[in-house]
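Peer 1: Need the 3D shape of this:
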Amino acid sequence: VGIAIAMAVWATTNLIREAGSVISVGVSLGRKVVVVMLSYLVFPKPITRLHLCGMAILVAGIAIPLHDRRRQRARQAPTTEARGKVRIVRVSPATDSEPTDIETGPPCTASASACSSDTAEP
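Peer 2: A predicted model of the protein is given here:
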């Protein structure tokens with residue numbers, strides 16, 4: 001019994017660390033919902049409107065935070081214009097000054113010799 005409890009605590013802690021608390025609560029509630037559904041299958045009972053309302057509230061309580069998290073990640077993702085651009089930086093070896101931007105543009109898709117043109121020098 002002690003080993004099973006230790007494994008359950010480890011699994012829950014690991015799930016919180018890897019996926020977050022919302023997912024952990026969702027897994028815990030999902031497990032309980034499955035057990036209740038199995039009890040209705042094994043021991044037939046009538047399902048009332050109140051049961052259905054409770055299930056809908058449960059699903060909404062899990063889905064809303066997940067939807068918000070996805071929306072926040074989509075807002076933080078770079079736009080398609082910014083993706084794939086190359087930033088060419090010139091660093092002067094004689095000084096300890098900050099690097100200066102020379103050119104920002106799309107990545108070079110030609111051969112290496114064509115990409116290393118002298119047009120980037122100021």
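Peer 1: remind me, longest helix of the protein?
Peer 2: Identified as the longest helix of the chain according to DSSP state H is helix 49-76.
Peer 1: how about that one: buried residues?
Peer 2: Using 16 or more other CB atoms under 10 Å as the test for burial, helix 49-76 gives Ile62. (C-beta placed from N, C-alpha, C; glycine too.)
Peer 1: What of stretch 20-39?
Peer 2: Buried positions in stretch 20-39, judged by neighbour count with 16+ other CB under 10 Å: Val22, Ile23, Ser24, Gly26, Val27.
Peer 1: Repeat that for stretch 2-12.
Peer 2: Buried residues in stretch 2-12 (16+ other CB under 10 Å): none.
Peer 1: mean confidence score for it?
Peer 2: Regarding stretch 2-12, the rounded mean pLDDT is 93.
Peer 1: hmm, back to that, as TSV, the buried residues of stretch 20-39 with secondary structure would be great.
Peer 2: Listed next are the buried residues of stretch 20-39 as TSV, based on DSSP: H, G, I helix; E, B strand; the rest coil:
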residue	secondary structure
Val22	helix
Ile23	helix
Ser24	helix
Gly26	helix
Val27	helix
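Peer 1: closest to Ile64 among these?
Peer 2: Val22 (9.7 Å; CB to CB).
Peer 1: Now do the same for that closest one: its pLDDT.
Peer 2: Note for Val22: predicted pLDDT of 84.
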